[in-house]
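1. Provided below for reference: sequence and predicted model.
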Protein chains: 2
Amino acid sequence: MMDKKKITPRKLSGFMELPPEKQIIFDEMKDKIRKVFDRNCFMPLDTPVLEYAEILLAKNNGEIDKEIYHFKKGDTEIAMRYDFTVPLARFVAMNSETLTYPFKRYQIGKNYRGEKAQRGRFREFYQCDADIIGNEKLPIVADAESINTFYQCYDALKLNVVIHISNRNILFGFIEELGYQENASEVLTILDKLDKIKVENAIFELNKLGIKNESAQQLINLTNKKGSFDEVLGEIKNFSTADTYIKGINEITELSSYLQAYKIPKDKYVLDIGVIRGHNYYTGTIFESFLLEHPEFGALGGGGRYDNLAQYYTDKNLPGVGMSIGFTKLFDLLDYNGLLQDTPRYPADVIIIPMGDTINNCLNLSTYLREQNIKAEVNYDDRSFKAKLKDANRKEVPYVIIVGENEVATGKYTLKNMRNSEQFSLTKEECINKIKAE
Amino acid sequence: MMDKKKITPRKLSGFMELPPEKQIIFDEMKDKIRKVFDRNCFMPLDTPVLEYAEILLAKNNGEIDKEIYHFKKGDTEIAMRYDFTVPLARFVAMNSETLTYPFKRYQIGKNYRGEKAQRGRFREFYQCDADIIGNEKLPIVADAESINTFYQCYDALKLNVVIHISNRNILFGFIEELGYQENASEVLTILDKLDKIKVENAIFELNKLGIKNESAQQLINLTNKKGSFDEVLGEIKNFSTADTYIKGINEITELSSYLQAYKIPKDKYVLDIGVIRGHNYYTGTIFESFLLEHPEFGALGGGGRYDNLAQYYTDKNLPGVGMSIGFTKLFDLLDYNGLLQDTPRYPADVIIIPMGDTINNCLNLSTYLREQNIKAEVNYDDRSFKAKLKDANRKEVPYVIIVGENEVATGKYTLKNMRNSEQFSLTKEECINKIKAE
């Protein structure tokens, strides 16, 4: 009756779909980040995946970005969100009168970009964002709070990360003093490529913008400064007397004192004037994270200060600072390079195996164990006892409880430690103690 | 410079967006369901929101359902998932050779249906699904496991729910014996309306299908049977001798013994032959949940047995049983009717307030508290001390720690219990004990 042509089961490329054994690790890592956000008193926000296209396209002057998934439903132009910042801006603009400031929110969820699919790039990806929004003003200590939260995320994941920090005003101020502020954005784009292109080429490109060799060399020299805050600040403090430059130096000095007060270990962050970050909306503090042992992975996440979150939707001046971790990309990198801290696993703490006609006793026992927060499963399939034991072994569960008719009669169950094959004859309560001791 | 026309911030209708104080409750409830799935050893699966349209539309013969969000990206017809069952079928069909059976997976996430927006109906909604898939066969005990997991979800949410259970074969068998099997689906549709339409009208509609008055009355009589399993089974056991009917009675009898073995309280479930559920793919056990005190809310969730999960994608025979909770709808119902167990709240356990120039000490203290898993926040805005205390009061946080210069000098902080205004002068360690004792 149902003998129709089958449709080949396939999924879209660029969309991660982990085997469940690995999804367990993914979810646990994501939970750890969420706990950090909770502990730091950020509040959860869960904006829709779909928005009016005009909202998402506001900053592009309404122009449709090829990467954005958008479509029409009835008469409505709809788009899928590609980050959390734009929906946050929309939310804050809509609710600006009822929120209390600083408004600290986090959002963990999926975003969408129809980029060219390639290794490590995803069209659907989790991001973990935390932002602090001020009303008209927001002190520099908020920037430190953002970086501290960022640090704690990696610490919770046991990842050895170094956070590279800078302040936009430093390079801006220097460019200003050199008289090239009109080309500031192009200059930054060139400086941002310094880790990829040769110094001569960078100078050549700067020359093309009208920047003379000496100035170009000074710019590159400043961009290359990297090290402890004290060290680098000592070196560059007096490089320029431009107001913007001084502002940058002062902000970074103040930030440094807060980072110390938070007790972030000194080897976890550096002042790195070469941090530029593409987004034009950053206006002060900027930061990026790199794995100490694998800088070649590139920035795993980052963030910074922006002057005005919701300028496209409201006249209200809402400065903010935020951090973001590209979680799908991070997980994929760690997985691909064999750096996950955990191994994929079956979720059961114990599998209960009936021997003979004891299924009801097994179900009963499973309820008892679960009430004690033990992940218990009954193997009720119709294969042989031996096959079930083998199955439990293959699943690498730590314990098995065997429930035969004898066990039911005496109230003493056979608990088997699957790692060392030790067997015990124990009451329900004793089973629980043994399993929990693990 | 940025003085462009503002875009009115608005969100699409039919999309839930909670204030963060309420989102905290939403997330906590969702977590409780996830913990139940974990404890019962279901494994997480996180399929993409987007799928090839042909996959999602397979069961409609490729016809496009108006409710489904679909669009073209390049040459690819894409659709947003509207449930988790179809992506599960696609996933299992793709990976059928590597999975171990029974394959138990859960998925908690958002689904999309462009339905007419109205109170309590959402176009983006969370569902919490758990399914058990067998390879070629799956014993009835799996149905009991599904219902037991379903029960535990509501128990974890402290919701007083009654699960109404039936088996499709009972009504099917009865209709068969009456000789109306060709109209079975239309008959069920009429019987499904019995709680909304008058008996006379139901009989009239059944008459139109050619069912005589006496048979119609018998059908309605059977459909109205509801009560404890023993009671109802005793009454209806011998209503029919059709094979399908006997099969239904046997399956429900076996199911009943497992539900008892699981120790689900007897007042939490009934045998209700009137449970029909719209989905045509159910083939055996079916169940739905209702709030005991608010049956008028309708079914909060449900599930059942299906013969063949992935028939559109593979020849492999994969019977399954699953449960699903429409979580966004459930939350909205509880919220709208004032039935949430928690009140919206600010997430902090304690707010640290500097008095004088002690901000660095406050940051330092906040790190110390967070390391002890206390949700600590420093109020660093530039308002007066009094305003900050008022703010903490309005946020209803349980504790405030005041850090003045005197506190820093002596190492004794002022901990204020905001509920009774008691104040203590305590060391950091003592503060932690006091806060944790809460």
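-> Thanks, I have it.
2. Now the residue nearest the centre of chain A. Nearest residue, chain neighbours left out?
-> With distances taken as CA atoms, centre = their mean, A:I325 lies nearest the centre of chain A, 2.8 Å away. Nearest residue to A:I325, sequence neighbours excluded (CB to CB, 6 or more residues apart in numbering or on different chains): A:G301, at 3.8 Å. Where C-beta positions appear, they are placed from N, C-alpha and C, glycine not excepted.
3. Give me the distance between the one you found and A:G322.
-> A:G301 sits 11 Å away from A:G322, taking CB to CB, to the nearest Å as the criterion.
4. okay, these two: which has more neighbours?
-> It is A:G322, of A:G301 and A:G322, that has more neighbours when counted by other CB atoms under 10 Å in any protein chain shown, with 26 against 23.
5. Contact partners for that one?
-> Contact analysis of A:G322 by CB atoms under 8 Å, 6 or more residues apart in numbering or on different chains lists A:T85, A:D129, A:A130, A:D131, A:I132, A:S146, A:G303, A:G304, A:Y306.
6. Among those residues, name the buried ones.
-> Buried subset of those (neighbour count, 16 or more other CB atoms under 10 Å in any protein chain shown): A:T85, A:D129, A:A130, A:D131, A:I132, A:S146, A:G303, A:G304, A:Y306.
7. Wait, a helix at the fifth one?
-> No. For A:I132, which was evaluated using DSSP: H, G, I helix; E, B strand; the rest coil, the result is strand, with no helix membership.
8. Please look at it and A:Y101 and confirm they touch.
-> No. Using CB atoms under 8 Å, A:I132 is not in contact with A:Y101, being 9.1 Å away.
9. For A:Q217, grab the count of nearby residues.
-> Number of residues near A:Q217 (other CB under 10 Å) recorded here: 15.
10. Tell me who's in contact with it.
-> A:I203.
11. State the phi and psi torsions of it.
-> The phi and psi values for A:Q217, taken as degrees, to the nearest 10, are phi -60, psi -40.
12. What does the pLDDT read for it?
-> If you check A:Q217, the pLDDT there is 95.
13. Check A:I64 too.
-> Looking at A:I64, the pLDDT reads 68.
14. quick one on the thing from earlier: let's have the contacts of A:G322 in JSON lines, adding distance to chain B and pLDDT.
-> JSON lines is the format used below for those (distance: CB to the nearest CB, whole Å; pLDDT from 0 to 100):
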{"residue": "A:T85", "distance to chain B": "14", "pLDDT": "95"}
{"residue": "A:D129", "distance to chain B": "14", "pLDDT": "98"}
{"residue": "A:A130", "distance to chain B": "12", "pLDDT": "98"}
{"residue": "A:D131", "distance to chain B": "12", "pLDDT": "98"}
{"residue": "A:I132", "distance to chain B": "10", "pLDDT": "98"}
{"residue": "A:S146", "distance to chain B": "12", "pLDDT": "98"}
{"residue": "A:G303", "distance to chain B": "18", "pLDDT": "97"}
{"residue": "A:G304", "distance to chain B": "18", "pLDDT": "97"}
{"residue": "A:Y306", "distance to chain B": "13", "pLDDT": "94"}
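15. shaky segments in chain A?
-> Scanning chain A for pLDDT under 70 picks out the ranges A:1-4, A:61-64, A:279.
16. domain ranges for it?
-> Segmentation of chain A into domains, based on automatic domain parsing, reads A:20-336, A:350-437.
17. and the shortest one, how far from the chain's centre?
-> Here the centre of domain A:350-437 is set off from its chain's centre by 38 Å, with CA atoms, centre = their mean, to the nearest Å.
18. is it anywhere near chain B?
-> Yes. Under the criterion of CB under 8 Å from any CB of the partner chain, chain B is reached by domain A:350-437 at A:359-361, A:363-364, A:366-367, A:370, A:373-378, A:380-382, A:391, A:394-395.
19. Narrow those residues to those in helices?
-> By the criterion of DSSP state H, membership of the residues of domain A:350-437 next to chain B in helices covers A:I359, A:N360, A:N361, A:L363, A:N364, A:S366, A:T367, A:R370, A:D391, A:R394.
20. can you list these in a markdown table and add distance to B:Y336?
-> Supplementary listing: these in a markdown table, determined by distance: CB to CB, whole Å:
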| residue | distance to B:Y336 |
| --- | --- |
| A:I359 | 42 |
| A:N360 | 41 |
| A:N361 | 44 |
| A:L363 | 37 |
| A:N364 | 39 |
| A:S366 | 36 |
| A:T367 | 33 |
| A:R370 | 32 |
| A:D391 | 47 |
| A:R394 | 48 |
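21. quick one on the thing from earlier: I'd say the residue nearest to A:I325 and A:S324 touch.
-> Yes. Under the contact definition of CB under 8 Å, A:G301 touches A:S324, with a separation of 5.7 Å.
22. Give me the common contacts of these two.
-> A:C128.
23. Using PDB, write out every CA atom in stretch A:30-43.
-> Provided in PDB are the C-alpha atoms of stretch A:30-43 (Å, rounded to 0.1, in the frame of the first residue of the first chain):
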ATOM      1  CA  LYS A  30      27.200  24.600  26.200                       C
ATOM      2  CA  ASP A  31      25.800  24.200  29.700                       C
ATOM      3  CA  LYS A  32      29.100  25.200  31.200                       C
ATOM      4  CA  ILE A  33      29.000  28.500  29.400                       C
ATOM      5  CA  ARG A  34      25.400  29.100  30.400                       C
ATOM      6  CA  LYS A  35      26.300  28.500  34.000                       C
ATOM      7  CA  VAL A  36      29.100  31.100  33.800                       C
ATOM      8  CA  PHE A  37      26.500  33.600  32.400                       C
ATOM      9  CA  ASP A  38      24.100  32.700  35.200                       C
ATOM     10  CA  ARG A  39      26.700  33.000  37.900                       C
ATOM     11  CA  ASN A  40      27.700  36.500  36.600                       C
ATOM     12  CA  CYS A  41      24.000  37.500  36.700                       C
ATOM     13  CA  PHE A  42      23.400  38.000  33.000                       C
ATOM     14  CA  MET A  43      19.700  37.400  32.200                       C
END
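24. Pull out the buried positions in stretch A:171-188.
-> By neighbour count on 16+ other CB under 10 Å, the buried set for stretch A:171-188 is A:L171, A:F172, A:G173, A:F174, A:I175, A:E176, A:E177, A:L178, A:Y180, A:N183, A:V187, A:L188.
25. could you dump those to a markdown table with secondary structure and distance to A:A242?
-> Output for the buried residues of stretch A:171-188, formatted as a markdown table (DSSP: H, G, I helix; E, B strand; the rest coil; distance: CB to CB, whole Å):
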| residue | secondary structure | distance to A:A242 |
| --- | --- | --- |
| A:L171 | helix | 11 |
| A:F172 | helix | 9 |
| A:G173 | helix | 4 |
| A:F174 | helix | 7 |
| A:I175 | helix | 9 |
| A:E176 | helix | 5 |
| A:E177 | helix | 4 |
| A:L178 | helix | 9 |
| A:Y180 | coil | 12 |
| A:N183 | helix | 16 |
| A:V187 | helix | 14 |
| A:L188 | helix | 16 |
